[in-house]
Each structure stands twice: as structure tokens, then as C-alpha cells.
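Q: Just the structure for this:
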Amino acid sequence: MPEFWRVKSHAGRCASMNPARRGGKSGCRITAQFSYRHGAAELEPARAFGIVKMSLIIKRNPATRAWFALMAGCRHKCGHDEDLKNNSQPPACNGPVMTATFRATGQSDLPSLTKFLVRVYKFEPLDLHANPRLLEWKYLCPRVGWDGSRSYVLERDGGIVAHGGVCPVTFRLPNGGTVSSLAIMDWAADPSSPGAGLMLYRKLMEMAPTCFVIGGAPVTRQMIPRIGFRQAGDALTYAGWLRPWREFRTRPRTGRSVLRMLHGLAHPVSMRSGLSERWKFVRVREFDDSLQPMLSGAKRTWTFCQRTVADLNYLLQCPHLEMRGFLLRRQGLLGGYFVLGKSGWETRLLDLVVDSDDVSDWKLACAAVTNAALLDSEVCRIRVLSTLPILSQALAWNGYSCQYKEPIALHDPADALGGAFPVSFQLFDGDSGY
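A: Residues are numbered from 1 along each chain as shown. Predicted coordinates:
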């Protein structure tokens, strides 16, 4: 992978916005030319990555203005709708040339990256999502299968104008094959730098044969089909109410507080303590190689995100949550594992594997997860992501309620995952769990 790329973008100003001078179409044409450099030496375009020219016609209609908002640097987690409301006309394209550098971040970049994310996402200064320790863990701590940093920026005049991080994933197919993929996280761009967000996003998409997005803001869902994504399934978020009255007293009061409490009281999780004789959970400080045979997924007949022992121990090091790892034992034999992450009143099921394709085993395993969460008297609710029917059935059997559904969007130009869905995604496969 090149040490860095030089990106040159020229936005040509359209003449007087006169429809007659553009073949009857009102709007402006933007052309972006990319040239790539490796270190101080210019790479020969034909032998390296080539010259890519991109032209977009921005018409006077709401859908395309939304697309131009993405070009201007839309933010993945917030701010889309407000930007569009305040931008009733397409911005004029001025003529200056922007030279930006695309590169991986390092330890010394954490302070400036933190400030950038706080400014773009409008986080509070002490928001944990922009905490340098969390960013270091997400992007700089070593992970199996990825060399170096997993965070990338576009810089102009020494300042960050766009950022994106990646979460590497390897899909294990039912036939035993594997496909590399990634999820893009913390995607943000400075609105004053037109095109920066899209330039960076496209470069991240090229780092793996496939990539995916789970959920996303409404405008993000509208725009990603235009850059090659398609909907491949749905992700369901479940909640299990453990202590609704305590949650009501613990969380800041809002107009929904009473409704949440009443819903929790009316839909509590099922208490199945009698199952402990058949399924037991054992807390571990770290996972060891005894788990490796199960991670191969021989008994799972669906596509899942492959894990290693190193991946699980990396997850246990997350500084933002109080992490707990557990082994599942069925009549004395190793039957699975799960990882819980606690944040205040809520616990999240970040990863769960049951070495079985029998829904009865998954039901009992989810009951064990519930019992483990109940051991902490401060936990009021548990949150779980499910993209697999067998897990959804197990959660419903244990009294969990589906809170909302989000689309899974996939970029797979070579159709490497054709017929592979549904895929078992977990909160670990992204950053929505922490």
C-alpha cells in the first residue's frame, strides 16, 4: 500500500448557471483528478494506479443536492439533515486547486484527530467517543490480518479535512472459503473542503474486495447506493429489560422515561435459572488456544465473521467499557463463549458463538448470557445485535424485545459474497457497541 497519496482536486466554476450553456441542464460540473505518489518519488500512472477522472452533474433537485452534500463532506453519524435543510441551492464551484495528502495516522496524530472529530460531530469535549485512549485502541493497537494503522486522513495545509477508520473482517463461508471485508467507522469530513469525504471513502473501499455498512444516518442510507452499495439484509437490535425500575431512577429523565419503564415492566426477560445445571458460564480474564477448534466454525452452517483468539483478547482490552469474557460449558464440555461490555446502566453482548446449529442450544446459551448479566446489580438492560434467524429466535424465547431494524448495505463488485447471506454480524463487527 502506498505510503501516501497526493490528491489534486479542481472544481471548475460553471458559467452564470445558464442552462442553455450546458445543453439545457441546470447545475455545475465538477471534475476531480487523482495523481498518486509513493514517498517523494512520483509513480508512473500507467504502472501504478493510473489517473482517475470523475465527473458529477449536480442538478437542481433535492436528491442530487443531497448527493452534493455528501461530496462536500457529509458526516456518517450526525448532521446530514441539518446541512441539507440549510443548503437550498447547490454551492457555487470556485476555481482554486486543492492539494491534499491521504495517509495513515499514528500516535502523534491522536490529539489533532480528537479535536477534528469533536468539531465535526459536535461532541462534547469529554465525550468518550472521541477519547484518545479509545481511538488508540480502535485504530493503533495491533490486530491479526492488518498491518499498521486502521485510521486514515486527508490533510490540506497541515490540517485534517477528512477521516475514516476501518474495522477489518474476514467472512467464513459455509463451504469453508473466506472473503476479506471491512466496515468504515468514524467517517467525517470538513464541510469547507468539497469532495474530501467522498475521496477518502472511495480510497477506503478499495482496501478490501468487499465492505459493508450496518445502519447509518438517513442520508447515508440514501447516498451509498450511488457509490455501488446494495442492500443485503437487515440487522435487528434487541433489548432485554433486567431492572426497569432501577433504569428509571438511574438515567436522566426525559419524556420517554415513563414509557420505557412501563415497557420494561410489561416485557421482562425470562428468568431461566434452572438451566444452570446443563449450561454453565465461566468467567475468564483472557481466552486461550483451547477455544481455537470451535472458532473454525465446523458446526455452523451459515456465513459468519471469523475470529481468532487474539481478536477476542483484543476486544477484552477495550478501554471504554467494562469488559467480561465467558466460556460456555454444556455438561462439562466447551460449547461456546460470549463477551459482555458494560457502560453505566447498560450491558452489550459484543460477541456470542455457540458451537451448534440447533436452535435449542442457542436458546439455552442466551439464557446463560442473561444470567451472567444479572450478576452485576448495576446493569438494567442488555443490548444485542442479531442478523441471524437462529439468534433472533433464541432471544425472543428468552423475552428479549426487538427495538429497531436497520439495513445492511454491501459493496461487492465481484459478487464474492453471492448467496452468502444471511451473515452473522455481531456488535464487535463495527463500532456501534462501544
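
Q: Could you give me the buried positions within the lengthiest strand in the chain?
A: Criterion DSSP state E: the longest strand present in the chain is strand 159-172. Using 16 or more other C-beta atoms under 10 Å as the test for burial, strand 159-172 gives 160-172. Glycine gets a C-beta too; all of them are placed from N, C-alpha and C.

Q: Run a quick neighbour tally on Asp289.
A: For Asp289, the number of neighbouring residues by other C-beta atoms under 10 Å comes to 8.

Q: Tell me which residues touch the closest residue to it other than its chain neighbours, please.
A: Leaving aside its sequence neighbours, Asp289 sits nearest to Val309 (C-beta to C-beta, 6 or more residues apart in numbering; 6.0 Å). Neighbour list for Val309: 287-289, 291-292, 295 [criterion: C-beta atoms under 8 Å, 6 or more residues apart in numbering].

Q: Leu328 now?
A: Shown in contact with Leu328 (C-beta under 8 Å, 6+ apart): 279-281, 334-338, 354, 365, 368.

Q: Which element is encountered next along the chain beyond the longest strand of the chain?
A: Using DSSP states H and E, the helix or strand that directly follows strand 159-172 along the chain is strand 178-189.

Q: What is that following strand packed up against?
A: Packing contacts for strand 178-189, counted by 3 or more C-beta pairs under 8 Å, 6 or more residues apart in numbering; DSSP states H and E, involve helix 110-121, strand 159-172, helix 196-205, strand 211-214.

Q: Out of those, the one nearest Ile390 is which?
A: Smallest distance to Ile390 across the helices and strands packed on strand 178-189 (C-beta to C-beta): 16.0 Å, for strand 159-172.

Q: quick one: buried residues of the longest helix seen in the chain?
A: Longest helix in the chain, counting residues (DSSP state H): helix 359-374. Neighbour counts over helix 359-374 (16+ other C-beta under 10 Å) mark 361-374 as buried.

Q: hmm, who's touching the helix or strand following it?
A: Using DSSP H and E, the helix or strand that follows helix 359-374 towards the C-terminus is strand 381-386. Outside strand 381-386, the residues that touch it by C-beta under 8 Å, 6+ apart are 214, 235-244, 247, 264, 269, 340, 345-349, 352, 369-370, 373, 391-392, 395, 400, 425-427, 432-433.

Q: Helices - which of these land there?
A: 244, 247, 264, 369-370, 373, 391-392, 395.

Q: Can you mark which positions in the strand or helix carrying Asn313 are buried?
A: Asn313 belongs to helix 309-316 when elements are defined using DSSP H and E. Residues of helix 309-316 classed as buried: 309, 311-312, 314-316 (neighbour count, 16+ other C-beta under 10 Å).

Q: Of those, which is the nearest to His129?
A: Using C-beta to C-beta, Leu315 comes nearest to His129 of the buried residues of helix 309-316, at 17.4 Å.

Q: about what we covered before: gap between the following helix or strand past the helix holding Asn313 and the chain center?
A: Next along the chain after helix 309-316, taking DSSP H and E as the criterion, comes strand 322-330. Counting by C-alpha atoms, centre = their mean, to the nearest Å, strand 322-330 is centred 24 Å from the centre of its parent chain.

Q: by how many degrees do the longest strand of the chain and helix 309-316 diverge?
A: 130 degrees (axes from the mean of the first three to the mean of the last three C-alpha atoms, to 10 degrees).

Q: and strand 159-172, what other elements does it pack with?
A: helix 110-121, strand 151-156, strand 178-189, helix 196-205, strand 303-305.

Q: Return the list of helices and strands in contact with the last one.
A: Contacts defined by 3+ C-beta pairs under 8 Å, 6+ apart place strand 303-305 against strand 159-172, strand 423-424.

Q: Include distance to Thr178 and mean pLDDT when you put the ones you listed into JSON lines, please.
A: Formatted as JSON lines, those follow (distance: least, C-beta to C-beta, whole Å; pLDDT from 0 to 100):
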{"stretch": "strand 159-172", "distance to Thr178": "5", "mean pLDDT": "95"}
{"stretch": "strand 423-424", "distance to Thr178": "13", "mean pLDDT": "95"}
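
Q: okay, now the domains of the chain?
A: 4-209, 235-424 (automatic domain parsing).

Q: can I get those domains in JSON lines with distance to Thr220?
A: Converted to JSON lines, the domains of the chain look like this (distance: least, C-beta to C-beta, whole Å):
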{"stretch": "domain 4-209", "distance to Thr220": "6"}
{"stretch": "domain 235-424", "distance to Thr220": "9"}
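
Q: And the ones you listed: which comes nearest Arg226?
A: Across the domains of the chain, closest to Arg226 is domain 4-209 (C-beta to C-beta), at 6.2 Å.
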